[in-house]
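# model the structure of this input:
(chains A and B, ligands or ions: 2)
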Amino acid sequence: MSLSPLTWIRERVPVGPEQLRELTNEPVPNHLKKWWWCLGGTPAYLFVVQIVTGILLAFYYKPSPQTAYESVRYITEEASFGWFLRGLHKWAATMMVAAVVLHQMRIFFTGAYRKPRELNWLVGMCLLLLTLIVGFTGYSLVYEQLSYWGATVGANITDSVPVVGVYLKELLLGGEVYNENTLSRFFILHAAVLPVTMAALIALHVTLIRLQGVTEFHFRDEDRKKPAFFNFFPDHLLTELSIGLVLMVLLSVLATVLPAEMGPKADPLSTPEVIKPEWFFYVAFRWLKLFSGTLAVLSMGLIVFLMYAWPFIDARIRRSRPESEASVWIGVAGALAIIALTVWEASVAH
Amino acid sequence: MHTPERPPQPQPPPEGHDSGNPPDRRSFLARASSMGMIAGLGASYGTAGLYAARYLYPSKPRDKAWMFVARIADVAVGGSLRYTTPGGEKVALARQGSAGTVEDFVALSSTCPHLGCQVHWESQNQRFFCPCHNGAFDKSGKGISGPPGDAGQSLPRYPLRVEGGLLYIEVPTESLEVADASAPREGHDPCLDGGAPL
Ligand code: HEM
Ligand code: FES
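Ligands and ions are numbered 1, 2, ... in the order given. So this is what the prediction gives:
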């Protein structure tokens, strides 16, 4: 009997190219041939980069106050290509935040969150917050001065939440103040709890996109006679793969030219004179300096709530004034405010 | 491709087949047993969830103890001294009165009441300064600018006690400096200062 391995597998797993095409023949609107419509695929790709490089870093990383800093130094200075993997992880984290924000802006300004896609906007908001929190917990793992004070300030922010805050803070730190248990909590959140939650939400996000289809747009310069759609498989997959290639080249260059470095080791007894979080928290950091504790935290909570509720607020505005351009103006104002606060924080020491 | 034949699916019994039990008694039993099932699942998984939450929540508060600071006769009225807790936290202690009681003294913590950074004394500005969000406090620990000033927060005070002319302070005993204490700190030669607390 001559049985090729392929036939052997096909008899047991009855899936072939036809079924694969059937499963993935999602029609994709033509404008997704341009990369700026594909910004959602970018964070998804970077997420996979983070999982792979993160698992590699975890082989040497030791989450305790006595060992963390030394183990990151070992990865950076002694392990072969440790500096490269750490650089990839760090730069992909930065780019992931940037990609999520750009993706969200594209959704916002094209109104792609409108009915029936409100639920996916909520899922996307969760993914935005989780990306920021994963970045925050990751930054704390290095156990340098800024990691330590960033973690302390972050935990105390949860403490300013009325009623439940004090419990949240102790749950996060594993005690009243930063202590022996804190780093391992941050590590398990960073490397297990949050990524698994994100993977589940990304799956839900993509499922909803498949069920609803990508929003179609009609452009004036479009040829009406040509088909408005192309196939996901293999055409769109190829677009995504070439974006992946560009990202990998970009990440490698960044990790080599601007490698991840190490600041002075954490000293719980003295806060450095100049203290800054990662750039994507500059907005929140400046906000905290502008208002007293509880006011700053409650107003940030309100802004996040309004962002979640945006599709419903927008629907209400459009019901009473269908021609309203309010969403564009609100979006522009929000983006300018974020840029202004970030630049302000970046340009001064205090 | 060969599709194996599936065995016929069992059919639901026709209505009223289960003779003896009138239909509404049966549906009552069915409902009661689903309720029981839901309650049981909720109770068992809920209990396990509560246990897990309790497991994650830290069980003990920080250890504290009363420590001797100084003989009150040795601290001049208007004078101050630096005290370092066993955990290494800096305490600014000052004597403001001459009654010889505990009311004469204040002991300020260096932990900012805003979001927990460490303040330091700036002698040129006569104030405590917190670098995290530009909080500033006057000599007595009252917030004068930045978020702590806006919210009217002051530097926390440690409890003090006077007994037999001796001054005691209640402080946490665990070390904050969880990092390897035997390693010399950067830019700090242990031979020169004999390891004295800064
Ligand atoms: C899901 C997206 C993720 C993001 C956005 C992210 C972000 C970060 C950031 C910003 C750092 C600090 C980098 C530095 O200063 O070197 C970091 C460190 C680290 N991350 Fe992640 N991470 C992610 C996923 C993961 C996963 C899945 C793992 C492990 C399974 C992991 C393991 C680590 C380890 C061990 C470190 C500390 C070592 C180091 O700093 O080089 N990360 N991460
Ligand atoms: S922690 Fe001191 S001002 Fe914010």
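# which of the three states applies to residue A:28?
Of the three states, residue A:28 takes strand under DSSP: H, G, I helix; E, B strand; the rest coil.
# wait, does stretch B:64-72 contact chain A?
No: applying CB under 8 Å from any CB of the partner chain, one finds stretch B:64-72 separated from chain A by no less than 10.7 Å. All C-beta atoms are positioned from the backbone trio N, CA, C, and that covers glycine.
# and the strands in chain B, which stretches?
Ranges of strands in chain B, per DSSP state E, are B:64-71, B:80-84, B:90-95, B:105-109, B:120-122, B:127-130, B:135-137, B:143-145, B:160-163, B:166-172.
# point out the most buried one among these.
strand B:135-137 (a mean of 24; mean count of other CB atoms under 10 Å in any protein chain shown).
# residues of the helix or strand harbouring residue A:284 that come out buried?
Using DSSP states H and E, residue A:284 sits within helix A:282-290. Across helix A:282-290, burial judged by 16 or more other CB atoms under 10 Å in any protein chain shown covers A:282, A:283, A:284, A:285, A:286, A:287, A:288, A:289.
# about what we covered before: switch the strands of chain B over to JSON lines, and while doing so, append mean pLDDT and distance to ligand 2 to every line.
Shown next, in JSON lines, are the strands of chain B (pLDDT from 0 to 100; distance: least, CB to the nearest ligand atom, whole Å):
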{"stretch": "strand B:64-71", "mean pLDDT": "90", "distance to ligand 2": "23"}
{"stretch": "strand B:80-84", "mean pLDDT": "85", "distance to ligand 2": "20"}
{"stretch": "strand B:90-95", "mean pLDDT": "88", "distance to ligand 2": "15"}
{"stretch": "strand B:105-109", "mean pLDDT": "92", "distance to ligand 2": "12"}
{"stretch": "strand B:120-122", "mean pLDDT": "88", "distance to ligand 2": "11"}
{"stretch": "strand B:127-130", "mean pLDDT": "92", "distance to ligand 2": "3"}
{"stretch": "strand B:135-137", "mean pLDDT": "94", "distance to ligand 2": "3"}
{"stretch": "strand B:143-145", "mean pLDDT": "93", "distance to ligand 2": "9"}
{"stretch": "strand B:160-163", "mean pLDDT": "92", "distance to ligand 2": "24"}
{"stretch": "strand B:166-172", "mean pLDDT": "91", "distance to ligand 2": "19"}
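# any chance of a markdown table for the ones you listed, columns distance to residue A:65?
A markdown table is the format used below for those (distance: least, CB to CB, whole Å):
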| stretch | distance to residue A:65 |
| --- | --- |
| strand B:64-71 | 21 |
| strand B:80-84 | 20 |
| strand B:90-95 | 20 |
| strand B:105-109 | 22 |
| strand B:120-122 | 22 |
| strand B:127-130 | 23 |
| strand B:135-137 | 26 |
| strand B:143-145 | 30 |
| strand B:160-163 | 31 |
| strand B:166-172 | 16 |
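# closest to residue A:8 out of these?
Taking CB to CB, strand B:166-172 is the member of these nearest to residue A:8, at 67.4 Å.
# hmm, who's touching that closest one?
With contact meaning CB atoms under 8 Å, 6 or more residues apart in numbering or on different chains, strand B:166-172 is reached by B:62-72, B:75, B:83, B:85-87, B:89, B:91, B:93, B:102, B:105, B:107, B:158-162.
# sorry, back to before: tell me the one of the buried residues of helix A:282-290 nearest residue A:326?
Nearest member of these to residue A:326, counting by CB to CB, is residue A:283, at 22.6 Å.
# secondary structure element for the residue lying closest to the closest one once chain neighbours are set aside?
Closest residue to residue A:283 apart from its sequence neighbours, by CB to CB, 6 or more residues apart in numbering or on different chains: residue A:341 at 4.6 Å. Secondary structure assigned from DSSP H and E places residue A:341 in helix A:326-347.
# report the angle between that helix and helix A:282-290.
Helix A:326-347 runs at 80 degrees relative to helix A:282-290, counting by axes from the mean of the first three to the mean of the last three CA atoms, to 10 degrees.
# tell me which residues of helix A:326-347 are tucked away?
A:327, A:330, A:334, A:341, A:342, A:345.
# I'd like these laid out as CSV, including distance to ligand 1 and pLDDT.
Below are the buried residues of helix A:326-347 laid out as CSV (distance: CB to the nearest ligand atom, whole Å; pLDDT from 0 to 100):
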residue, distance to ligand 1, pLDDT
A:327, 29, 87
A:330, 28, 93
A:334, 23, 93
A:341, 21, 95
A:342, 17, 95
A:345, 18, 92
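# and these, which is closest to chain B?
residue A:345 (11.1 Å; CB to the nearest CB).
# you'd agree that closest one is up against residue A:284?
No: with contact defined as CB atoms under 8 Å, residue A:345 does not reach residue A:284; the gap is 9.3 Å.
# which one is the most centrally placed residue in chain A nearest to, not counting chain neighbours?
Central residue of chain A (CA atoms, centre = their mean): residue A:131, 3.3 Å from the mean position. Spatial nearest neighbour of residue A:131, chain neighbours left out: residue A:100 (5.2 Å); criterion: CB to CB, 6+ apart.
# is the longest helix seen in chain B anywhere near chain A?
Taking DSSP state H as the criterion, chain B has its longest helix at helix B:23-56. Yes: contact between helix B:23-56 and chain A, assessed by CB under 8 Å from any CB, occurs at residue B:56.
# list the buried residues in that helix.
Of the residues in helix B:23-56, none is buried (16+ other CB under 10 Å).
# give me the pLDDT for the residue in the stretch 201-350 of chain A that ligand 1 sits nearest to.
Nearest to ligand 1 in the stretch 201-350 of chain A, going by CB to the nearest ligand atom, is residue A:260, at a distance of 4.4 Å. Here the pLDDT value assigned to residue A:260 is 94.
# still on that earlier bit, closest to residue A:270 out of the strands of chain B?
strand B:120-122 (7.3 Å).
# do that closest one and chain A meet at all?
Yes: against chain A, strand B:120-122 shows contacts by CB under 8 Å from any CB at residue B:120.
# for that strand, which strands pair with it and how are they oriented?
When pairing is defined by DSSP bridges, strand B:120-122 lines up against strand B:127-130 (antiparallel).
# only alpha carbons, please: show the partner strand as CSV.
The C-alpha coordinates for strand B:127-130 follow below in CSV (Å, rounded to 0.1, in the frame of the first residue of the first chain):
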residue,chain,number,x,y,z
ARG,B,127,10.8,73.0,52.7
PHE,B,128,10.3,69.3,52.2
PHE,B,129,10.1,68.6,48.4
CYS,B,130,8.6,65.6,46.7
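# got the contact list for it?
A:271, B:92, B:108, B:110, B:112, B:114, B:117-122, B:135-139, B:141, B:144, B:146, B:148, B:155.
# run the last query once more with 6 Å
With CB atoms under 6 Å, 6 or more residues apart in numbering or on different chains as the test, strand B:127-130 has contacts from B:112, B:117, B:119, B:121, B:122, B:136, B:137, B:138.
# and the furthest pair within the residues you listed?
Most distant of the contacts of strand B:127-130, by CB to CB, are B:117 and B:138, 17.9 Å apart.
# what about those two, which has more around it?
residue B:117 (22 against 15; other CB atoms under 10 Å in any protein chain shown).
# residue contacts, the more buried one?
A:149, A:271, B:130, B:132.
# mind checking pLDDT for the second one?
On pLDDT, residue A:271 comes in at 92.
# list phi and psi for it.
phi -90, psi 130 (degrees, to the nearest 10).
# against chain B, how distant is it?
Residue A:271 is 4 Å from chain B, where distance means CB to the nearest CB, to the nearest Å.
# against residue A:77, how distant is residue A:100?
Plainly put, residue A:100 is 32 Å away from residue A:77 if you go by CB to CB, to the nearest Å.
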